[in-house]
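> Have a look at this prediction, sequence included:
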Amino acid sequence: MNRRLTALTLTVTAVALFALTGCTAGGADGGDAAASNQSVEDACTQVDDVMTEATAGLQEIDPSDPATAAEALRTIAEGMGDAAGEVTNAEVSGILPDLQTAFSSAAESMEAVAAGDTERATELNTALTDVQGSIESYTELCGGN
């Protein structure tokens, strides 16, 4: 069971790093939302800053330490919440709650796995799938390559 948990942690960390690297590529084509003067590009830049900080933190994670991975995922979720409060572009602010929820769910599941509840590994996989889907939506809007 311990090898399975370590393998799961390695997979989670790899997925998170891959997903965040794609997000920090940035480069949106800009545009104005009807309810805001903030361009899509400016809004994406605000979120990219959160993702860049998160990536830096994740790169320091020991893959055999699920508690640290959970903490990093929680930090990302909190950063998404903070960004959501500052972003005024309707298009970008519309996807931030999904990003925050996905990372928060992944953090909760990882915390449970780190505490020894290996039955929540399936829940963790589902949460990570949600993270990937939310990141894909973000990447489509913000133009990451």
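Done, it's in.

> can we go C-alpha only for contacts and neighbour counts from here?
Will do.

> residues in contact with residue 79?
residue 50 (CA atoms under 8 Å, 6 or more residues apart in numbering).

> Return the set of buried residues in the host helix or strand of it.
Using DSSP states H and E, residue 79 maps to helix 66-86. Residues 66-81, 83-84 are the ones in helix 66-86 that count as buried (16 or more other CA atoms under 10 Å).

> Counting neighbours, which bits of the next helix or strand after that helix end up buried?
On the C-terminal side of helix 66-86, the nearest following helix or strand under DSSP H and E is helix 90-114. For helix 90-114, the neighbour count (16+ other CA under 10 Å) marks 90-93, 95-114 as buried.

> Would you quantify the distance from residue 75 to residue 104?
Using CA to CA, to the nearest Å, we find residue 75 at a distance of 9 Å from residue 104.

> Model confidence score at the most centrally placed residue in the chain, please.
Nearest residue to the geometric centre of the chain (CA atoms, centre = their mean): residue 103, 5.0 Å. Residue 103 carries a pLDDT value of 87.

> Apart from its chain neighbours, what residue comes closest to it?
residue 77 (5.1 Å; CA to CA, 6 or more residues apart in numbering).

> so where's this structure shaky on pLDDT?
Scanning the chain for pLDDT under 70 picks out 1-36, 54-55, 57-58, 63, 144-145.

> how about 90 then?
Within the chain, the set of residues satisfying pLDDT under 90 comprises 1-37, 45-86, 93-100, 102-103, 106-107, 110, 113-125, 127-145.

> Was I right to think residue 39 contacts residue 90?
No. Using CA atoms under 8 Å, residue 39 is not in contact with residue 90, being 9.5 Å away.

> and the nearest residue to residue 106 once chain neighbours are set aside, how many neighbours does it have?
Of all residues not flanking residue 106 in the chain, residue 127 sits nearest, at 4.9 Å (CA to CA, 6+ apart). Residue 127 has 22 neighbours, counted by other CA atoms under 10 Å.

> if I pick residue 127, what's in contact with it?
102-103, 105-106, 109.

> From those residues, pick the one nearest residue 120.
residue 109 (6.3 Å; CA to CA).
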